[in-house]
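*Asks:* missing the sequence, but the structure's below:
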């Protein structure tokens, strides 16, 4: 506990704490203890911050009244910024130097870049923010940062399904599935202690082609009696039109990849 | 461009932008365009924010003068908070229910929890913040969120070495190495386009036992003529004392794991 803070100090610190911990509910008492300020004063501070963030397209502050109430930051991305992110991303994605032998596409520079991942996470979170998952789930490895980004925005943990079983997972449930794109049998395992029966989840992945991996996560969730509230990916492919899953959201569609003509076409779904 | 902002608005928005983008250098002109304010006014705002963040243990603001100058946020964790994080973490880690058959330890709940990962990243970053890596590197999979967290604090991309070569990586360099703990031959591959000769890097991993994986990343970096500026992990083990690498920093040491006695002992290195 330190001396009573000034409004300038409080505005700076409350903005910092709330925006750095999206969706986390802070009771007003948290800030009154931190600053030695009355709750009425803090309510005024929070009104100022809420109006300001809104004005500058930096997300929203939600105030929940009553016992168990408090304030939390909802990390909406401003419309203008969202449009700019998508434009920049499409431009970057359509560079034909990404085309690899066999028509694969190099994306590691995007999915391991903290700036891009943070923005993509915010847009994906925006599809599902009305739901209340207990955790976010993905399959290793390239989707991990994006799924972690979304998990952070929900203030929930991430759970990662492994493609090979490891000794460091303990007891696992393993399922076999057919990869949608390669048509090969693959194995997926999940530590029993990672989840509990009756929980709810959102599936996040970097790339949905045939939908085999995501379908397998769905099946895995059934084994654990867990409800899937939604499924989102950064990229989905136009072909095959019929995927192994039906309801999913993606930020971009890969329309065409032509190795010979060095042509790569994406469209935005935002 | 909107109407000239009030000081209250500026304090809230500048705090939000700076603290959400650690290490990123913002020229003052960025804020003067955003707010329509004079640079002298903004300098006062930034002094207020700097003093306030410092007072509340929320990190520091660095002001770089001259052409190419600007302000950036250095995400130091306060001493008190750091001590509390380490206490909480040791308590959580020493729970004997983590012990798995074969003396392995379950850690996924920590390394996939955004709150823990963010705090551990800040402490690890603090070991290396004086260096200027071009990227952070790790090996898949469990170290990815922590390494991504550290990469974000450096405002740099992450590069991930894969344990099996994938078609989505394009041309790769592959090396074989002996895992320090399992003594088995393993393979590691890195996409050629992920890095460039002459760059500098920091290696981050979740767990260092024999040091085989980290040593292999070192060797891989030599192949690419890349300088390793430092190496950090969340956990290192007391045994074997002689590891395949010499200079590394870790947050905790795993002193003892006794499956029969259900005993698990960690010590803090902070």
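*Replies:* Yep, that arrived. Just so it is clear, the structure is predicted and the values come from calculations on it, not from any experiment.

*Asks:* In stretch A:122-136, which residues are buried?
*Replies:* The neighbour-count check on stretch A:122-136 (16 or more other C-beta atoms under 10 Å in any protein chain shown) flags A:122-129, A:133-136 as buried. Backbone N, C-alpha and C define where each C-beta goes, glycine included.

*Asks:* distance between the ends of that stretch?
*Replies:* From its first residue to its last, stretch A:122-136 covers 14 Å (C-alpha to C-alpha, to the nearest Å).

*Asks:* can it be found next to chain B?
*Replies:* No. Stretch A:122-136 stays clear of chain B (C-beta under 8 Å from any C-beta of the partner chain), getting no nearer than 8.8 Å.

*Asks:* pLDDT of the helix ranked longest in chain A, averaged?
*Replies:* Secondary structure assigned by DSSP state H gives helix A:39-55 as the longest helix of chain A. For helix A:39-55, mean pLDDT is 96.

*Asks:* how many neighbours does residue A:62 have?
*Replies:* When neighbours are defined as other C-beta atoms under 10 Å in any protein chain shown, residue A:62 has 12 of them.

*Asks:* Local confidence estimate at it?
*Replies:* If you check residue A:62, the pLDDT there is 97.

*Asks:* and what of residue A:167?
*Replies:* Note on residue A:167: pLDDT of 82.

*Asks:* Repeat that for residue A:240.
*Replies:* Residue A:240 is assigned 93 on the pLDDT scale.

*Asks:* swap in the one 3 residues further on?
*Replies:* At residue A:243 the predicted local confidence, pLDDT, stands at 93.

*Asks:* Phi, psi for it please.
*Replies:* Backbone torsions for residue A:243, taken as degrees, to the nearest 10, come to phi -100, psi 170.

*Asks:* Would you confirm that it contacts residue A:213?
*Replies:* No. Here residue A:243 does not reach residue A:213: they are 10.8 Å apart, not a contact under C-beta atoms under 8 Å.

*Asks:* quick one, which of those two is more surrounded?
*Replies:* Neighbour tally, residue A:243 and residue A:213, criterion other C-beta under 10 Å: the higher count belongs to residue A:213, 27 against 18.

*Asks:* and the more buried one, what are its phi and psi?
*Replies:* Dihedral angles (degrees, to the nearest 10) for residue A:213: phi -70, psi -50.

*Asks:* Distance of it relative to residue A:101?
*Replies:* Residue A:213 sits 22 Å away from residue A:101, going by C-beta to C-beta, to the nearest Å.

*Asks:* do residue A:253 as well
*Replies:* Look at residue A:253 and residue A:101: by C-beta to C-beta, they are 23 Å apart.

*Asks:* So for those two, which residue has more residues nearby?
*Replies:* Between residue A:253 and residue A:101, counting by other C-beta under 10 Å, residue A:253 is the more crowded of the two (16 against 9).

*Asks:* Quick one: end-to-end length of stretch A:62-75, please.
*Replies:* 11 Å.

*Asks:* ok, residue A:136 - contacts?
*Replies:* Residue A:136 makes contacts with A:147-148, A:150-151, A:154, A:156-159, A:201-204, as judged by C-beta atoms under 8 Å, 6 or more residues apart in numbering or on different chains.

*Asks:* quick one, what contacts residue A:160?
*Replies:* Residue A:160 makes contact with A:137-140, A:144, A:147, B:108, B:112, B:141-142, according to C-beta under 8 Å, 6+ apart.

*Asks:* Counting only strands, which of the residues you listed make the cut?
*Replies:* Taking DSSP state E, the ones among the contacts of residue A:160 that sit in strands are A:137-139.

*Asks:* what about the spatially most central residue of chain A, helix or strand, and which?
*Replies:* Residue closest to the average C-alpha location in chain A (C-alpha atoms, centre = their mean): residue A:150, at 2.0 Å. Following DSSP states H and E, one finds residue A:150 within helix A:144-154.

*Asks:* what distance separates the helix or strand just after that helix from the centre of its chain?
*Replies:* Next in sequence after helix A:144-154, counting helices and strands by DSSP H and E, comes strand A:158-161. Centroid separation for strand A:158-161 versus its chain: 12 Å, with C-alpha atoms, centre = their mean, to the nearest Å.

*Asks:* isn't there a helix covering residue A:63?
*Replies:* No. Counting by DSSP: H, G, I helix; E, B strand; the rest coil, residue A:63 is not found in a helix; it is strand.

*Asks:* buried sites along stretch A:158-174?
*Replies:* A:158-163, A:168-170, A:172-173.

*Asks:* closest to residue A:49 among those?
*Replies:* Set against residue A:49, the nearest of the buried residues of stretch A:158-174 by C-beta to C-beta is residue A:158 (28.5 Å).

*Asks:* Can you verify my assumption that the closest one contacts residue A:138?
*Replies:* Yes. Under the criterion of C-beta under 8 Å, residue A:158 makes contact with residue A:138 at 6.9 Å.

*Asks:* what is in contact with the two at once?
*Replies:* A:144, A:147.

*Asks:* give the contact list for the closest residue in space to residue A:206 that isn't next to it in sequence.
*Replies:* Among residues not flanking residue A:206 along the chain, residue A:143 sits closest, at 4.1 Å (C-beta to C-beta, 6 or more residues apart in numbering or on different chains). By C-beta under 8 Å, 6+ apart, residue A:143 lies in contact with A:111, A:204-207, A:233.
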